[in-house]
Structure formats: structure tokens, C-alpha cells
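>>> Give me a 3D structure for the following:
(4 chains)
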There are 4 protein chains.
Amino acid sequence: MRLAGRVETPYVDSTILQGNYPADPVVRMLPIYLPPSYDHTSSRRFPVIYLLAGHGGSGPFLLARRPWEESVPERIDRLIRSGVMDEVICVLPDCWTVFGGSQYLNSTALGDYESYLSEEIISYVDANYRTVPQASHRAIVGKSSGGYGAMVQSMRHPDLWGAVASHSGDIYFEFGYLPDVATLHANLHRYGGIDRFIEAIPTIKPRVHQPFYSVLGMLCYSAAYSPNPSAHRGFDLPIDSDTGALNGEVWERWLAWDPLRLLNDPCHIDAWRGLSYLYIDCGNWDELNFNVGTRVLAHKLERLGIEADVEFFDDGHLDVSYRLDISLPRLAQAVSQHRP
Amino acid sequence: MRLAGRVETPYVDSTILQGNYPADPVVRMLPIYLPPSYDHTSSRRFPVIYLLAGHGGSGPFLLARRPWEESVPERIDRLIRSGVMDEVICVLPDCWTVFGGSQYLNSTALGDYESYLSEEIISYVDANYRTVPQASHRAIVGKSSGGYGAMVQSMRHPDLWGAVASHSGDIYFEFGYLPDVATLHANLHRYGGIDRFIEAIPTIKPRVHQPFYSVLGMLCYSAAYSPNPSAHRGFDLPIDSDTGALNGEVWERWLAWDPLRLLNDPCHIDAWRGLSYLYIDCGNWDELNFNVGTRVLAHKLERLGIEADVEFFDDGHLDVSYRLDISLPRLAQAVSQHRP
Amino acid sequence: MRLAGRVETPYVDSTILQGNYPADPVVRMLPIYLPPSYDHTSSRRFPVIYLLAGHGGSGPFLLARRPWEESVPERIDRLIRSGVMDEVICVLPDCWTVFGGSQYLNSTALGDYESYLSEEIISYVDANYRTVPQASHRAIVGKSSGGYGAMVQSMRHPDLWGAVASHSGDIYFEFGYLPDVATLHANLHRYGGIDRFIEAIPTIKPRVHQPFYSVLGMLCYSAAYSPNPSAHRGFDLPIDSDTGALNGEVWERWLAWDPLRLLNDPCHIDAWRGLSYLYIDCGNWDELNFNVGTRVLAHKLERLGIEADVEFFDDGHLDVSYRLDISLPRLAQAVSQHRP
Amino acid sequence: MRLAGRVETPYVDSTILQGNYPADPVVRMLPIYLPPSYDHTSSRRFPVIYLLAGHGGSGPFLLARRPWEESVPERIDRLIRSGVMDEVICVLPDCWTVFGGSQYLNSTALGDYESYLSEEIISYVDANYRTVPQASHRAIVGKSSGGYGAMVQSMRHPDLWGAVASHSGDIYFEFGYLPDVATLHANLHRYGGIDRFIEAIPTIKPRVHQPFYSVLGMLCYSAAYSPNPSAHRGFDLPIDSDTGALNGEVWERWLAWDPLRLLNDPCHIDAWRGLSYLYIDCGNWDELNFNVGTRVLAHKLERLGIEADVEFFDDGHLDVSYRLDISLPRLAQAVSQHRP
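The predicted model follows:
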């Protein structure tokens, strides 16, 4: 299907990512969807939605069409064409690493992806496109690790983000991550150790959760939540290297990054209180158990008096991009109001 | 990674596909990879490789990058940049239907995709790009149903194709398809009947072989191999609708399209004898058992004195696009010789 | 739960099995269920039901209790105690081989299990227990390969069997076996060849259908249907040893043993016409596709005017022993009539 | 295979189990293996090994032969006949409940199975068989929950048990149980709630870990570790009934029953120090992650100066009964010394 709008794919040369530990690319494609009116007007400015990919994904991957499915630009284009969504620019950042992602945080073990996103990418977009360059006209949304990024970045940067949507976002690590922590020692052993695993990442088959994505996630989150410049590979694992038992000290460093705990910080609470719109959902059969943490979060939001649309639906963690049909129009509406 | 060459994605408006039975799109994107020298020269003409997607895929889908994997244009670009492959244009046709494909044949139940490919697409490409518009400079390659298409089209149109590669192509239907024929009656019952299945195709989850792709393939191949304008949905199923037992008459119509049987026709034998290059491979653990038929084919080629590179490798049917690194340079070399 | 009746487990020393090709045991336990009245009477004679285990099983295994399930003797005992079933003796023969079974046929590759059952076992039981030693008071029942045995033995020995029940019995080999034939070559290769597979049978894990039971079944049925004293291991495989393609000649020898074809023989038709009761069922989701052949059989019985209860139920091939609650009381009634 | 020894299966009528909460049977079969010399002598007394079944199993189930496998009595008989194991009596208690087991503990929600085993069963055996009725001649062994029972009972009753072996025993609940706790809320929802699940236990298919045995285990361990006479069904779940999040208070009650924590108690340490033999093993690929806790336990035993044979082997949690070939002869030797 031809788009009514169009997609540009400039390559952005990053300063912040230079010298990143895993030597991931510094120059990256930055897909940007421009709505139909963008080319029919010359001075009109548009609000922007930043859409963050989940672990194992990145913005450029979201351009891909799959059988019987729309790509993200096709989805947005349809929503706009059919009139259910206001015209917005949509940015699909690439915060990919060899470990499948970065959790959109700064880490000596991966690179400073939080800064990359909140400084370089936003600056690039506002400088090169006719955006409304204000937090109230800028939204962030994502699924899984992308939902995590949307939640955490909006807590930490209220000056940047005015509306937020998290689909099946990482939360309540005790249930969401610990089952994979429990199998990590055996799985690494199975792959011949951490170094052999990392070297084999691009060729390992099959790419299913247990054990491939399970191990990959554990390494990625270790690098994101418990970096340690003096450790092997630059990060601490949350397990004892000898027995495989939980390393309590490292595990606490992980938990400190759980949205449920981050929301104990008054600054973060204030940040979310200031949002014009907050949307959170999760599937009732989420294979990573994020449904449990999402329910706990819903209760916490209610106690804190933070307004949010929280929805649960009868599906699992995968192949739920159809949920964007719900969040995107609401985000677009939230960031379109009081448009100059 | 930035390409040294580039990709154009024109939309082609088909006459042949107009009024196709399932009402699939008539206007389709036609991705075309142009090699680095294409833009650095103004009159140089290039040989062309047509790459056919497997069942469930289409040319535009092959533009998609996936984690740790190259898209088809990225793969070709790397092969050319690194000097192991001659510069060629590569065309990625879209012969997709709602049933996941067309087997690249003409069918009253699907549309005339053989004519679409061999007439409209080739004409469009030769008219709009600096190709060498001769069979000796035109190759066809594909995987799975795409490999089937490459084999069958090259048998039937020696005037169009000069070199051929089939990866894990459909063959020896007695082993490749019959296991799915055996479960078809029960599977259709499970989905609430053929009409309900067809209506639900875009939303069925999960999309794994049994039962989704198994049923989808059976309907697709019925539509391709045993169309019947007076039958329900326009095609005959290879089973008795009451008991689910094999319908011998319809099954014979399927078998007539098996490359092993097609190669009994002297015209087809001559066509393959005239190729400048023929490459065929299959994984030893092919889940659809095409490895058996490929071995039978290898013996037959030897008996017929048809030269071919036939290779077997230790892998299954899925995620074997790395095999293109072997076939593409050889095809490129075959169609580059005697270039004007 | 204590039985109202009781089980004896004599060991029977076979003459017929002596020198069997795979050197399987000659002395075997023969579990025999005796109903409550057996010990309360001294001259009363009882009809007998012979219950044949499926492939991978044997009579002694059927004594095993499993979680939340009854053993076969417990099931019969409950049916008798609750009054829904007449008192019968039930015999659980052991026709096991290292290949998981024998299809209850005579074979130079396995042993003469048909003779063992119809001569030695029946003689032993009639000689040592107060049976009514006549076909009209003797029934045969089984599941899967046991159902196959019940069907085939009753066709071939009308002098021995008066009533028959087959649950999910092997039938319509084109759909029931061919999918496993298609993967046989690759699977044997995976196991390092037929000899290594056979040596490893007792220790291979996991014991699931693909590939373990699939390969085991193919070898077992080869030994049962296509024995060949001069072949390696004493039997012919239904595939070409080089390509893995179907060996048509051997396959025809298999098909000759398909109940659907056996029922073309007027002697077999007469045998079934003479039964006092015939019961056949199969699950609609039978993973081995025997549901298709069972429907074909139902039509054939109707055409032939052979009376039978044919039932289909919404379940698969495994864990359907609850179906015995339907067949056993009917068999018991059939063989109890005109009891002296 | 005929046994050199023999098995008796008396039915024992329990006083302790009377009125148990789930109304499980009070009269139970107690399989007892008697070694070959038992019947050839009239006054010789034998040491006894009590073998505890895992969750989902019970002593009587261990009599079952399975394809290519020995039953427990056959295994012991072979070990004794071949001379690698001293002659012992072996008792296979039935501590089964509708929840698949009891963890061999006293619980108001299940019944007092610890007392049942340590009082009634031992008394019955010593009263009715020629045992050496002393702790130094009595061993306890088991696999999975049976290994747990062996470890915990030997800590709590040093007056009863002189030698111990645990195969793949439950340990380190943070990794062994918590992954199943995390999915409990969703799984119960899937089954229509706890009451519907419990009613459907006998008929649920398929019986695989996720979700059937996972949920069943969680209910069983709740009933064993966190009974509560005033709670629904008589026990507390370790999750919040609304959100599904971990209930910290209940979880602590579970953890108090973890062998790793029980071994902090000086009485338990003394009990294990007093054993004549202690054997512990676990598979490196244990699907329930008990390998991690077993390694932690090994370190702890070393620190405490408790002698033990601790072994790890390359296998998972299931189908590892062949490990009994290692532990049983050692246990038999330990309890045979100084035999009167």
C-alpha cells in the first residue's frame, strides 16, 4: 500500500556513541515518518511521537512489512488517513546494541543511549524537521523494552516528554526477570561460557526465548543495569559465577531500575503527575509476567493520584502491535492540543 | 549500514492481475536494487537477477532487516562491495496472494502470476532500467516456493532465463506435501471450516507450521495446482470433503506440477540443458522433506546429463538465507559473461 | 484402591518365540484379571476378553497405575463392581519386542506373535483358568497397534474371536504412516544409522514421537510388514537407502496389511460379518491421522452391510484409555450371552 | 523378568490420615520388596531402605514397568543379584494426595504425612517384617520431592534415619519455585480459578509442566508449607490474590522449609553430622533449577564439615532413575554394617 505521508531515512553520525564498549555502529539510520500535510504545507509545525523498539529490535526494523501485517509507518499512515489520529511526525530511533538493545539508559558497558536519545536524536529531529520543539508536543511510546524506555525516560526527563504510552513494558523484575536469572548459569554453561555466547550471537539458531533470548536479555540487562568498567566484558552478572545463585548486591542494582521502585522517587512522581497523558497496558497472558507488575503499578498510580489509562487484554507478550491502534491516536491528541 | 548501491521502490500497475479471484492488490511495489556503478555510469547496462520469495513472503518483505541479519539488498551490496560478486541489478517481485503466494503460476483461483512475472515485470524492468535484456543475462533464484518458481519458470521459459538457482525448493510432493494433506481435513475442522479459516488468515496466531502454515499452504497449492472455476472458492482440495482421504484425481493434478515430473518433458529437459548455470541445494534436515526429492533430482540430472551444482548442507528449511552467499556470485558470474 | 477381583501374573514359557530374531525374552509374564465371582465359585466358567497394548506397550505395562488414572485391572474391576459390566476374565498378553511391538503378526524379523497369541496364549489361558473356551465367548480389544491387532486377528481367525473392539487402530497407511516414512531417512542419519539407533533404543531421550517413536515405529512396522530374512537386520525399509524416497515395492507390502485392504478379501469380510459385536472408534484429532482411515472404514462397513458401532470423539491419539469404559461393557455383554 | 526376591503389597489402614482435609484415602497399598534371602532364612533380619516418590508419584506407581525401563523392585533386584548391592528390604510408601503429594510434612491442609511415615509406616514395617529396627540400619532416599523428603526427614528425625540420599531434591526455592509462583495468578485465571482447577485435576490434559504441573505444584507446596485452617481450601497462596504479586509473608513461610535454611538450625546440622552416609546429586540441566541450590548446599556442607558425596551429571530433572544405581548400593552398604 502506498503511503499518504512518506518516510525519510537519514543517517545520523553520533558523537555520544563514539568509543562505545561493544564497538556498535556510530552512524545509524534514523527513520522518520512525515504525515501527508507535511509536504503540502511549508511552515506548519507538527508534534512528534518517538516510538521505541523492544529488546531485539530497533527503529529501522520497524519499517519492515511482515505477512498480513503493517509496518509502523503503514499503521500510522492508515490511522491518519482514516481520520482517527491527528497528523504527527513519528521518529523510530535506533538504540540497538549487539546485546539486542540498551534499555535506553546510559551505561559504560553499552554506550550512553539515554543521552543519545534525549540529546542527539531530539536535537537532530528538531533541527531538521518542522516540529513543535516542546515537551508538551512530544510523546514517547514503546513496547516491551521500548515501553520500559518510555516509562523511565518520561520519569527522568519531564522537560522533554509530555505524553507517554507503555505497551507490555518491563516491570516488577522479581517476576519479569528472575525466572531467566535462575537459568542463566546453566544456559551460559550450555553455550560454552559467556565469551563464546557473545561471539556466536549473530549465528545462534533457533532464536527463541529459551535459551537464546533469555540469555541475551540477561546480558543486555546486566550491561544496562549493573555496568562495571573493571568487570569482565564491562558488567556484573546478577548471579554468583561459581554456583549460579542470585548475587544479592547486583540484583539490588537491577531492582533500583524497576519502574515500580523508580516511582518511589518524588521527582519521578512529579514528572508523571505533569504528563498530559499516560497510557499503560499489558496482556493477561504476558509470557514475561509483566502483567503482574502492571497491575501493581496500576494500584500504585491510583494511590498516588496519577491519572492514567491502564488496560489489560487477552493476549501474550508477542505480536501485539495492534495495541498501537489504541495508544497512538490518544498520544497524538494529547500532543496536538494548543498547537501553535 | 549504508548501501554502496541503492534501492528503488516504484509501484507497478498491473493489467494482468486485474480482476484476480481473491481481489489481491493490482498496484504493487517492485523493489529494485541498483549496484554502485549504476549511478556512476550513464550508458552501462547490467545483467539482472530476479529473486523470488518463498511461501508467506514477497519481494517487499525481503527489504526488511531483522536482528543480526542483512536484508537481501544489504547482502547483495556486501557481496558486490567485497568483490566476490559482479555488479548486477536485482529485482524482488511481489507475487503474493492472500494465501501467502502463488507458486509463480497462472491460476484462475489466484491470478496469472506466471504471466505477470514473465511479461509485465520483466518488461517494466527492461523498459525502465539499463538492463541487458536477454535471457543469457537474466537469472532467476529463490528459496522454498521461490526455488520452486525458479525451477519451474526456467523450464517453461528458456527464452527468458539463462541461469537458475533453487534453494530448498518444493519438490517430490509425495513427501513434501502429503504429510500436510493428511492433516488437512482435521485442521480445517479445527478452524471451523475453509471459509472461516480464509477470513481469519490475517489474525490467526500463532503463525507456526502446524496448523497455520500447513493449512495455508494446502489452500495456496490447491489454488495454484488444482484451480477449478466452478468449485467453491475456485479450487479443488486434494482430499475428499467427507472423509478427508486423498482425492486421487486432484492429487494427480498436483503431482503434474512436481519439478521431478515436469522434468520428464523433453522441452523442459532441453530448457535446462541450455542454461549457462544451474544451482540446487537443500538442507539435510529440511522439515518439509525436500531434501529427499532434491537427492532424487540430483540423480535424475546426472542420468540426463544436465550439469548442475547440487549441494546439501546441515540445516533445516528455515533461516537459511546465508546460502545466497553461495548462489548469487555464481549466478552473477554466469549472467555477466559476454556482457556487451 | 483394593480390587474386588484379583490379578494373577504367571510366567509362560513360549515354544513359538524360541530363537526369535531380536533375541527378545521367551519367558513372559501373562497378567490375568479374575473377576470377583471367580473365587466365590468353583465351577462357573467365564468369558474372556484379550486386551492388546499399543506400540511401545505390553500387557504387563497395563498393570501400572499412573497419577489420577486407573490401571486396566482397576478399570475393569470398577466397571464390574458398579454393575455396568458383566464378569469376565481379562488377559493382557505381552507381544512386546525391542522395537516396541510386533503388530501381533508372524514375522521372521521379530517372531511369530500371531501364532504365539492365537495358539500358545489362548491355550494356556483355557487350560489353566475356568474360561468358556469358544470364539463366541472370547473377545479381543486394543488401542492403536492393539486396535490394529484386534481388527486383523479377528479377520484372520474367526474361529477364535467372537467380538471385537478397536480404539484408534492403525489404518489407511497412506496418511497414518507415510508422514513418518518421509522423515525416516533424515532421522536415521540423525541417529547415526539404523544400527546405532537400534543399539541406543533403551537409552534414547526424550521419548517423544518425533523423532524417537517415529523411527522406532518405522523399524517395527518394517519388521512386521516387510520382513526379509536376507536383508540387513532381517527386514526391508520402505525407503530407498540412498535417496530416502519411497520404495514402491516394499510400500506395497506394507499396504497389503492395511485393514482397509485386508477387508477386500471375502474371507475377512465373512469373518467380520460373523462377529456378534464390532466396535470401532477414533479421536477427531488423532495425531497419526487414523481418524481419516476410520471414516473410510465406516463407509466401507456400511457398503458391505457389516454392522458396527463406529464412534468419533473430540480428542487425540494419546491418553484415551477412558474410551474402554464404552467398549468393555459392550464386549462383555456380547461374549456373555448364551453362557453355559 | 522374574524377580529373585519378591514384592508384597499389603494394605495399611491409617489412623493418622483419618479425616484428612482433602479426603484422600486412609487405606493404602504399601509395596515392600523382600530380597532373595528373605525367604531362604527364617530369622535373619535385614536393613531397610525407604524410597520416597517425587511430586506426582507414589510408592505404588513405582511398581510400574515402563518401556525399556525397570520398575524400582526390578532395579533393586538386579543390583542385588549382580552382587553390587547388599540385600535389603525396600519400602515404597504412598504419601500421595490429590495435589500430587505432601512433601512428606504434616499439614492441616493435606494430612500429617510426616507422622504417617515416621510413626505408622515404620512401625508397620518393623512389626510385620524381619527388619533391623534401628536408625543405623534404616536409610531414606528419594528423587525430586522424594529427595526433599529424604533430606528434611533425616534432619528432623535423627533417631529414625541413619543414611540418606537425595536425587534432584527440591532446594533453593528462590530459583526452584519462584518461576512457577510468577505465573500462578495467570495460570489459575486460565483454568477458571482455583476451585475449578482442583475439581478438574484428574482430567486435565495434557499433563506437562506448564501449566498443569506448575499450578499443581504451587497448590501442593502451598498446602504443605503455608497451611492455614481458616483460609479457603485450607492454605495460603504465596501470591496476592488481586495482583498476583509475591506475598512476602507467605513466601517467608515457604522459605523456612527450604533445606538450605533448615540447615541453619544446629539440631539439623547435628542430625546430618551423625549420618553414616549422605549422598546428594542433581542434573546440570535440571529444569527446576535445583542444580543451583545443590551447588550452594555443597559449599555449605563443606563449610560445616559435613561429609557427603555430592555429584552433578549431564541430564535434566526427568527420567533420571538410573541414578539410583549409584545411591542404592552405597546406602545398602551404609545400613548393612554392624548388622546383628
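>>> Can you list the buried residues in whichever helix in chain A runs longest?
Among the segments of chain A that qualify as a helix by DSSP state H, the longest is helix A:290-304. Judged by neighbour count using 16 or more other C-beta atoms under 10 Å in any protein chain shown, the buried positions of helix A:290-304 are A:290-298, A:301. All C-beta atoms are positioned from the backbone trio N, CA, C, and that covers glycine.
>>> Now do the next helix or strand after it: which elements does it pack against?
Per DSSP states H and E, the first helix or strand lying C-terminal to helix A:290-304 is strand A:309-313. Where contact means 3 or more C-beta pairs under 8 Å, 6 or more residues apart in numbering or on different chains; DSSP states H and E, strand A:309-313 is packed against strand A:277-283, helix A:290-304.
>>> Of the ones you listed, which is nearest residue A:269?
helix A:290-304 (5.9 Å; C-beta to C-beta).
>>> And that closest one, how far out from the chain middle?
19 Å (C-alpha atoms, centre = their mean, to the nearest Å).
>>> which outside residues touch that helix?
Contacts to helix A:290-304, defined as C-beta atoms under 8 Å, 6 or more residues apart in numbering or on different chains, come from residues A:168-172, A:175-176, A:258-260, A:263, A:269, A:272-273, A:278, A:280-285, A:307-308, A:310, A:312, A:317, D:182, D:185-186, D:242-245.
>>> what's the angle from that helix to strand A:277-283?
Here the directions of helix A:290-304 and strand A:277-283 differ by 150 degrees (axes from the mean of the first three to the mean of the last three C-alpha atoms, to 10 degrees).
>>> mind listing the helices for the stretch 201-340 of chain A?
For the stretch 201-340 of chain A, the helices defined by DSSP state H, counting those that start in this stretch occupy A:214-225, A:248-255, A:259-262, A:266-273, A:290-304, A:324-336.
>>> Stretch A:162-174 and chain D in contact?
Yes: judged by C-beta under 8 Å from any C-beta of the partner chain, stretch A:162-174 comes into contact with chain D at A:172, A:174.
>>> Pull up the distance across that stretch, start to finish.
29 Å (C-alpha to C-alpha, to the nearest Å).
>>> How many residues are close by the residue nearest to residue A:337 when sequence neighbours are not counted?
Of all residues not flanking residue A:337 in the chain, residue A:276 sits nearest, at 7.3 Å (C-beta to C-beta, 6 or more residues apart in numbering or on different chains). Look at residue A:276: counted by other C-beta atoms under 10 Å in any protein chain shown, it has 19 neighbours.
>>> is it true that residue A:276 touches residue A:332?
No: the pair residue A:276 / residue A:332 is not scored as a contact, 11.8 Å apart, by C-beta atoms under 8 Å.
>>> and the residue of chain A found nearest chain B, what does it touch?
Closest to chain B within chain A is residue A:64: 2.9 Å, counting by C-beta to the nearest C-beta. By C-beta under 8 Å, 6+ apart, the contact list for residue A:64 reads A:71, B:61, B:63-66.
>>> Need the residue closest to the centroid of chain A.
What sits nearest the mean C-alpha location of chain A, by C-alpha atoms, centre = their mean, is residue A:146, with 1.6 Å.
>>> Just give the closest residue to it, not the sequence neighbours.
residue A:52 (3.5 Å).
>>> Residue A:130 and residue A:35, how far apart?
Distance of residue A:130 to residue A:35, given as C-beta to C-beta, to the nearest Å: 11 Å.
>>> so where does the residue nearest to the centre of chain A fall, helix or strand?
Counting by DSSP H and E, residue A:146 is part of helix A:145-156.
>>> That helix packs against which elements?
strand A:48-52, strand A:138-143, strand A:163-167, helix A:259-262, helix A:266-273.
>>> and the first one, which strands flank it?
When pairing is defined by DSSP bridges, strand A:48-52 lines up against strand A:89-91 (parallel), strand A:138-143 (parallel).
>>> residue ranges for the helices of the stretch 1-150 of chain A, please.
Using DSSP H, counting those that start in this stretch, the helices assigned to the stretch 1-150 of chain A run over residues A:72-81, A:113-115, A:122-128, A:145-156.
>>> Reformat those as CSV; add mean pLDDT and distance to residue D:219.
Below are the helices of the stretch 1-150 of chain A laid out as CSV (pLDDT from 0 to 100; distance: least, C-beta to C-beta, whole Å):
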stretch, mean pLDDT, distance to residue D:219
helix A:72-81, 97, 43
helix A:113-115, 98, 43
helix A:122-128, 98, 51
helix A:145-156, 98, 32
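>>> In this structure residue A:14 contacts residue A:27, no?
Yes: using C-beta under 8 Å, residue A:14 is in contact with residue A:27, at 7.3 Å.
>>> who's more crowded, the two?
Per other C-beta under 10 Å, whichever of residue A:14 and residue A:27 has more neighbours is residue A:14, with 21 against 11.
>>> so residue A:200 makes contact with residue A:191?
Yes: counting by C-beta under 8 Å, residue A:191 is a contact partner of residue A:200 at 7.0 Å.
>>> Looking at the two, which is more packed in?
Neighbours were counted for residue A:200 and for residue A:191 using other C-beta under 10 Å; residue A:191 has more, 19 against 13.
>>> what's the spacing between the more buried one and residue B:312?
27 Å.
>>> same thing with residue A:11?
40 Å.
>>> So which of these two has more stuff around it?
Higher neighbour count among residue A:11 and residue B:312: residue B:312, with 15 against 11, using other C-beta under 10 Å.
>>> so who does the residue nearest to that one when sequence neighbours are not counted touch?
Spatial nearest neighbour of residue B:312, excluding adjacent residues (C-beta to C-beta, 6+ apart): residue B:284 at 5.4 Å. Taking C-beta under 8 Å, 6+ apart as the criterion, residue B:284 is in contact with B:291, B:312-315, C:186, C:189.
>>> Going through those residues, which ones are buried?
Members of the contacts of residue B:284 classed as buried by 16+ other C-beta under 10 Å are B:291, B:313, B:315, C:186.
>>> Export those residues to JSON lines and append columns for pLDDT.
Below are the buried ones among the contacts of residue B:284 laid out as JSON lines (pLDDT from 0 to 100):
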{"residue": "B:291", "pLDDT": "98"}
{"residue": "B:313", "pLDDT": "97"}
{"residue": "B:315", "pLDDT": "96"}
{"residue": "C:186", "pLDDT": "97"}
